[in-house]
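# Need coordinates for the following:
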Amino acid sequence: MTAIDHRPANHVGRSQLRKEDPRLITGRATYVDDITITGVLHAAIVRSPEAHAKIVSIDASAALERDDVVAVFTGEDMADLLGPLPMAWVPPGIEVNNPPHWPLARGTVKHVGDPVAIVLSHDKYAVIDAAEEVLVEYEPLPVCTDIETALDDGATLTHPDFGTNKCHEWSLGGGDIEAGFAAADVIIERRVVNHRTSGAPIEPRGVLADYRAGALTLHSSTQVPHFVRLFLALLLGLHEEKIRVIAPEVGGGFGAKLQVTGEEVLCSWASRRTGRPVKWIETRSEHMAVCHHGRDQVATVKLGATRDGRLTAIHSKILADMGAYLMLLTPSIPSLGAFVMSGVYDIPAVQTDITGIFTNKCPTDAIRGAGRPEATHMIEVCMDQLADELGMDRLELRRKNFIPKESFPHTTALGIVYDSGDYHGSLDLLMEKLDLNAFEAERAEAATRGIRRGIGFSTYTEICGLAPSRITGPAGFGLQTGLWESAIVRVTVTGSVAVYTGTSPHGQGHETTMAQVVADKLGVEPDQVEIMHGDTGTGAMGLGTYGSRTTAVGTEAVARAADKVVTKARTIVSHMLEAAPEDIVLQDGRFVVKGSPDKGMALAEISGVAHVQPELMPEGTEPGLEETSFYDPANFVFPFGAHACIVDVEEDTGKVKVVRYVAVDDCGPAINPMIIDGQVHGGIAHAIGQALYEHVMYDEDGQLVTGTFVDYALPTAAELPSFETDRTETPSPVNSLGVKGVGEAGTIAATPAVMNAVIDALRPLGVTYLNMPLNSESVWTAIQEARA
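I've put the predicted structure just below:
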């Protein structure tokens, strides 16, 4: 679709303060726990302290004797639930073992934190004490925690009924992989670990369910309100129109709230059962134990090249920890990285083989980047390893294998069509910001102080704008829904604009960027545009916010709806001013006759005619000024960029400090450069956290070791430098705005940049390879082993 011509952008392309920030930073925003309904019952969930055990008995008598307790329910009480929690990936031709996952465990528990009972009370503090009085007798069972031994003969089975810990096998390949390695003069092979992490949003989850008069209203801190409504209807046996799901302020998501959770189903069921509203607010320790984790992959990556540095083949064999159950997208997440396993390089043969493994741990699912950070980490770390093996400069090897700008749209060996790219351009701009000669002098000086300085690079692309139904849907990748988006643009009688989007932003700034786009389309100020989202009871149907899709898919739907409004506005103005519709242009905030700027109408005047005096419009024209658009793109979009990281490593302690980080990203034409910078900053911080600090750990008995922020180290401003960002702009041909996603870019690019920098720093000491997390202990140990 070609965008309708309008005046040069006044707002798109400018850094403007976010419209949503005043309420967020002044404490005026509304979160789930701020919402109060008369008669609400507070919920506490009794959770298993065992990683794997039979439930012998549950004694709730002591809790029920309390005056402040209204009810205690267990899994057996929920027999009227029409099915277990959903898993939405059914890939054609692939068998996926999917154990039933109930909101409350039935018969056995499979990981620490598995819910066993729910206690309801009038008092939100007393309910915690009451939950502790529910006595559960367990018969402990052996546990499985190691994915690298989980398929061995005699291994403990997480789900004995399957006879294996294997969840599924899935492969994606293109080109002749055997011929590719046969053509290689040099082949490197590395074991690449991408350890388990937590999304750790600033606000944990919250649910408030209110079932009354045959209808359910659910407030939930979710990224996907329409998905939640759909599955609640299926599990509770309600019509969708009888369910309203509202996502107020979410408090950060990062994929951790891209889910249909047991707590949402449980509170909704309990509200219907008791006839009272039910509220559950997650604690931080609960979040760390039971809100799905991310990553947790161990890959064997083999990369081949000719002696002069031409890549010939890459083969990744990935073991992916599913945890104990499959949640909404769990088994599909590792596969998302396979689609870009060739990265920014022209590799003639690419093969990815994935094996999902069940363990007695909390399930994994999408966390910021969802499969793409893992793939990029494999590629970029191995590119440095290959350069070292070849004795070739790391950047020379990359440049030699970049897909050239002229070949876009480019079809990879996998058959994936990259929409646009200029990888040389982003790396060139990055290098303009770095003085490598000065860096070498700094490296030499630092070494005299027992500090090893290193620099690492990462050149990446990602697949995002998750949507094309023909690719992602049931007949393609196997998701059991299309991933289109819709939008409604409504001009009110007074000329203000209400935009309803099916996406569900939760901190990314889309209320601002969407308003900028609509303001330019309609000739108004962004302050006159209100973006409505996160409520299934109003406005447009949609599929939520994740996978860097809201701008490339959701905002494009908004833009198309706005274009339809412009078309109708032109029709009205041309009729009123007796001009041809094609002669009506938008100029200085008014729809005017081309060449006669004094003859025109403002949007408020046009809307006044459409609503108040529709008889003045052309015959057959419907009253009102409102349009709807559904958008299902033909392809994904593929942002890209080049990042550099400089670190200092203390020889005596192994402590790593990031001293400089420079990022050049390309997400197409910028709508709001400041918001892009903010997204990149957050993404980089997320990835540095994983590379150096964050690690969800279980011991051999399946006990969570990192259950609080005392044990799970998040980076603070004190550990991070001021990030230096810039961008190139390569429009995508997929949508009329030319835009691509950017919310996950920093997370996808940064871990290999940090890793490569640390290895570069330690190579003079004999350390040539490491795996994350690069905490002081692991780095110090590597230094000692190299010296020995």
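# For the longest helix along the chain, give the mean pLDDT please.
Determined from DSSP state H, the single longest helix within the chain is helix 556-577. For helix 556-577, mean pLDDT is 97.
# do stretch 758-775 as well
Stretch 758-775 shows a mean pLDDT of 98.
# Show me the helices in the stretch 151-300 of the chain, by range?
Remark: helices assigned in the stretch 151-300 of the chain by DSSP state H, counting those that start in this stretch are 177-182, 225-236, 262-274, 284-290.
# Please identify the most buried of those.
By mean neighbour count, with neighbours taken as mean count of other CB atoms under 10 Å, helix 262-274 ranks first of the helices of the stretch 151-300 of the chain at a mean of 24. Just so you know, the C-beta spots here come from the backbone N, C-alpha and C atoms, and that holds for glycine as well.
# now that one and helix 225-236, what's the angle there?
50 degrees (axes from the mean of the first three to the mean of the last three CA atoms, to 10 degrees).
# Can you name every helix or strand that helix 262-274 contacts?
With contacts taken as 3 or more CB pairs under 8 Å, 6 or more residues apart in numbering; DSSP states H and E, helix 262-274 sits against strand 41-47, strand 69-74, strand 115-121, strand 206-212, strand 215-220, helix 225-236, strand 278-281.
# Work out the gap between the longest one and the centre of the chain.
From the chain centre to the centre of helix 225-236 is a distance of 21 Å (CA atoms, centre = their mean, to the nearest Å).
# Show me what it is packed up against.
Contacts defined by 3+ CB pairs under 8 Å, 6+ apart place helix 225-236 against strand 215-220, strand 243-246, helix 262-274.
# What lies in contact with the shortest one?
Here strand 243-246 makes contact (CB atoms under 8 Å, 6 or more residues apart in numbering) with 215-220, 222, 225-226, 228-229, 232-233, 236, 534-537.
# Now do it: distance to the chain's middle.
On the basis of CA atoms, centre = their mean, strand 243-246 sits 22 Å off its chain's mean C-alpha point.
# follow-up on the earlier one: export the helices and strands packed on helix 262-274 to TSV and tack on distance to residue 94 and mean pLDDT?
Shown next, in TSV, are those (distance: least, CB to CB, whole Å; pLDDT from 0 to 100):
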stretch	distance to residue 94	mean pLDDT
strand 41-47	32	98
strand 69-74	35	98
strand 115-121	29	98
strand 206-212	33	98
strand 215-220	31	98
helix 225-236	22	98
strand 278-281	35	98
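# Between the helices of the stretch 151-300 of the chain, which one is closest to residue 712.
Nearest to residue 712 among the helices of the stretch 151-300 of the chain is helix 284-290 (6.3 Å), distances taken as CB to CB.
# on that earlier part again, put together TSV for the helices of the stretch 151-300 of the chain, with distance to residue 786 on each row.
Output for these, formatted as TSV (distance: least, CB to CB, whole Å):
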stretch	distance to residue 786
helix 177-182	30
helix 225-236	49
helix 262-274	47
helix 284-290	34
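# Looking at those helices, spot the one closest to residue 514.
Residue 514 lies closest, by CB to CB, to one member of the helices of the stretch 151-300 of the chain: helix 225-236, at 17.2 Å.
# what ranges do the helices span in the stretch 551-700 of the chain?
Along the stretch 551-700 of the chain, counting by DSSP H, counting those that start in this stretch, helices occupy 556-577, 603-612, 673-688.
# got these as a markdown table, with distance to residue 709 and mean neighbour count columns?
As requested, these are exported to a markdown table (distance: least, CB to CB, whole Å; neighbours: other CB atoms under 10 Å):
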| stretch | distance to residue 709 | mean neighbour count |
| --- | --- | --- |
| helix 556-577 | 38 | 22 |
| helix 603-612 | 49 | 20 |
| helix 673-688 | 15 | 23 |
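# I'd like these written out as TSV, with distance to residue 596 added.
Formatted as TSV, the helices of the stretch 551-700 of the chain follow (distance: least, CB to CB, whole Å):
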stretch	distance to residue 596
helix 556-577	9
helix 603-612	16
helix 673-688	36
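# closest one to residue 389 among those helices?
Once those are compared by CB to CB, helix 673-688 is nearest, at 25.6 Å.
# Counting by contacts, list what the helix or strand just after the closest one packs against.
Downstream of helix 673-688, the next assigned helix or strand under DSSP states H and E is strand 724-727. The contact analysis (3+ CB pairs under 8 Å, 6+ apart) places strand 724-727 against strand 656-666, helix 673-688.
# follow-up on the earlier one: looking at the helices of the stretch 551-700 of the chain, spot the one closest to residue 629.
The minimum distance between residue 629 and the helices of the stretch 551-700 of the chain falls on helix 556-577, with 3.8 Å, by CB to CB.
# can you give me the angle the closest one makes with helix 603-612?
Interaxial angle of helix 556-577 relative to helix 603-612 (the same axes, to 10 degrees): 80 degrees.
# related to what we said a few turns ago, could the helices and strands packed on helix 225-236 be laid out in a markdown table, adding distance to residue 395?
Shown next, in a markdown table, are these (distance: least, CB to CB, whole Å):
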| stretch | distance to residue 395 |
| --- | --- |
| strand 215-220 | 47 |
| strand 243-246 | 49 |
| helix 262-274 | 48 |
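# These: which one's closest to residue 306?
helix 262-274 (52.4 Å).
# part of a helix, is residue 512?
Yes - looking at residue 512 with DSSP: H, G, I helix; E, B strand; the rest coil, it is inside a helix.
# which stretches of the protein have low pLDDT?
Applying pLDDT under 70 to the chain flags residues 1-9.
# Tell me which residue of it is furthest from the middle?
Distance from the C-alpha centroid of the chain peaks at residue 578, with 50.6 Å (CA atoms, centre = their mean).
# Please report the distance of that residue from residue 604.
Distance of residue 578 to residue 604, computed by CB to CB, to the nearest Å: 21 Å.
# Same question for residue 453.
Computed as CB to CB, the residue 453 to residue 604 distance reads 61 Å.
# out of the helices of the stretch 151-300 of the chain, nearest to residue 557?
helix 225-236 (13.9 Å).
# so where does the spatially most central residue of the chain fall, helix or strand?
The residue lying closest to the centre of the chain (CA atoms, centre = their mean) is residue 368, at 3.9 Å. Assessed by DSSP H and E, residue 368 sits outside every helix and strand.
# Please shift the residue numbers so they start at 878 in all later answers.
Sure, I'll start numbering at 878, so the last one becomes residue 1245.
# Report the contact partners of it.
Residue 1245 makes contact with 1076, 1131-1132, 1171, 1560, 1563, 1620-1621, 1624 under the criterion CB under 8 Å, 6+ apart.
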